[in-house]
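> just to be clear, the model below is a prediction. Sequence and coordinates:
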Amino acid sequence: MDEEYKLKNALNNINKRTQYKGCLWDDENCSEKIIKAHSIQNNRILSKLADKGEVIYFENSPSEYGFYKLKRTGRKIATVFSGFCGYHDREIFKPIELKDYSFGDKEQEYIFAYRALAKELHAKLSAKNASEKMIEEMDNPKLFKDLFISPQTPNYEEKIKYLKELYNLYMHGIDMALYEMTIFHERMKKDIVDKNFESLITKSIVIPGISISVSSMPYIEYDLKNNILNDVENFEKPLKPLFINLFPHDSNTIVLLSYFKEDSPLYEDFVNSIIQKPQILQKPILSNIILIYVENFVISPTLWDSYSKRKKEKLEAILNKTLINKELNLLVPRVNLFE
């Protein structure tokens with residue numbers, strides 16, 4: 001077992017032990033039990049994609065191609081996260097749980113966007129927990145040797161020093177992301193309570209067929225002309241999120257692209273440039289956005305089974321490569337997820 005695989009395995013084990021468990025809404029109405037809430041709806045979305053109760057979802061563990069492997073997963077456990085108590089999961093998401101999406105329904109569009117934010121915030125809180133635990137275990141050789149490295153490892157001290165520096169830098173990035181996400185979260189909480197949904201602009205695309213579902217909040221770095229939208233290396237400039245939701249609706253897939261009204265100068269032209277493309281070009285562009293920026297997505301097993309073995313392997317390889325080095329050009333042909 002090589003060092004890289006051991007490190008991946010160690011990280012995976014720590015990630016599982018340090019998942020954030022708490023209600024992100026956190027008010028006097030919280031029920032005691034934190035539940036495993038679906039970031040992509042089980043009954044209205046996953047059930048429509050599923051085959052024999054299963055969807056294609058990430059297995060977050062070391063594999064031949066890297067960290068992520070796509071596999072059949074029960075829809076009851078796919079996309080779950082421990083970010084809400086039972087009361088708030090039930091009450092907040094009623095507008096999208098109790099009725100199908102209606103085009104132009106601003107409340108539903110806002111709730112879809114909020115759920116994407118909640119999942120990303122939970123992921124960042126979990127990443128902070130995992131990083132703190134990793135640094136803690138580096139200081140205890142008795143613990144750390146069970147992971148992937150021991151004092152007998154050549155250049156042990158140098159490797160530990162390097163890893164600590166790496167994780168401290170990573171922690172700085174996490175803290176900055178959490179600061180921004182917390183601001184978004186408090187804003188959206190207030191808007192939901194006040195039923196103020198006018199601050200979010202949402203545009204939709206309809207794609208024939210039921211194939212993929214997404215709930216995510218990436219910071220898109222470049223537009224279709226390779227102009228900078230978000231400079232992730234400039235820590236002085238706040239990042240602007242794009243909320244992305246895809247889900248089945250009748251016999252089609254709905255794509256919702258949402259952004260805060262004040263971010264229109266950044267995203268309006270970008271989103272319109274996708275909408276105005278013919279569908280034959282929309283699909284590969286949306287596929288690239290998902291492959292480059294999104295982790296929280298599921299694929300219909302029927303669609304997955306139609307992929308060749310080579311396409312499946314290429315897809316997993318691309319997903320794992322983006323963990324380290326993103327190729328950000330959205331017009332470069334990769335894998336078309338929709339076909």
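It's in.

> any idea of the mean pLDDT for stretch 184-204?
When the per-residue pLDDT values of stretch 184-204 are averaged, the result is 98.

> now it: buried residues?
Buried residues in stretch 184-204, counting neighbours by 16 or more other C-beta atoms under 10 Å, are found at Phe184, His185, Met188, Lys189, Asp191, Ile192, Phe197, Leu200, Ile201, Thr202, Lys203, Ser204. Any C-beta I mention is one placed from the backbone N, CA and C, and that applies to glycine too.

> in helices, which of those residues appear?
Within the buried residues of stretch 184-204, membership in helices is found for Phe184, His185, Met188, Lys189, Asp191, Ile192, as judged by DSSP state H.

> which parts of the stretch 51-200 of the chain are helices?
Ranges of helices in the stretch 51-200 of the chain, per DSSP state H, counting those that start in this stretch, are 86-92, 94-97, 106-138, 141-144, 156-194.

> what number of residues lie near Ala50?
22 (other C-beta atoms under 10 Å).

> repeat that for the one 3 residues further on.
A count of nearby residues for Gly53, using other C-beta under 10 Å, gives 12.

> and Lys145, what's its pLDDT?
We have a pLDDT of 54 for Lys145.

> got it, and Asn272?
The predicted local distance difference test score for Asn272 is 98.

> that one - nearest residue in space that isn't next to it in sequence?
Of all residues not flanking Asn272 in the chain, Lys203 sits nearest, at 7.5 Å (C-beta to C-beta, 6 or more residues apart in numbering).

> hmm, Val271 and that neighbour touching each other?
Yes: the pair Lys203 and Val271 passes the contact test of C-beta atoms under 8 Å, sitting 5.3 Å apart.

> one step back: which of the helices of the stretch 51-200 of the chain has the highest mean neighbour count?
Ranked by average neighbour count under the criterion mean count of other C-beta atoms under 10 Å, the helices of the stretch 51-200 of the chain are headed by helix 106-138 at a mean of 21.

> any idea of the angle that one forms with helix 156-194?
On the basis of axes from the mean of the first three to the mean of the last three C-alpha atoms, to 10 degrees, helix 106-138 is oriented at 160 degrees to helix 156-194.

> any idea of the mean pLDDT for helix 106-138?
For helix 106-138, mean pLDDT is 93.

> return the distance of it from the chain's centre.
9 Å (C-alpha atoms, centre = their mean, to the nearest Å).

> same check, this time on stretch 301-315
21 Å.

> same deal with stretch 173-181?
15 Å.

> dump the helices of the stretch 51-200 of the chain into CSV; add distance to Asp263 as well.
Formatted as CSV, the entries for the helices of the stretch 51-200 of the chain read as follows, by distance: least, C-beta to C-beta, whole Å:
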stretch, distance to Asp263
helix 86-92, 23
helix 94-97, 23
helix 106-138, 12
helix 141-144, 43
helix 156-194, 11
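
> which one among the buried residues of stretch 184-204 gets closest to Ile135?
Nearest to Ile135 out of these is His185 (C-beta to C-beta; 25.6 Å).

> pretty sure the closest one contacts Ala118?
Yes: contact between His185 and Ala118 holds when scored by C-beta under 8 Å: they sit 7.4 Å apart.

> common neighbours of those two, please.
The contact sets of His185 and Ala118 overlap at Leu24 (C-beta atoms under 8 Å, 6 or more residues apart in numbering).
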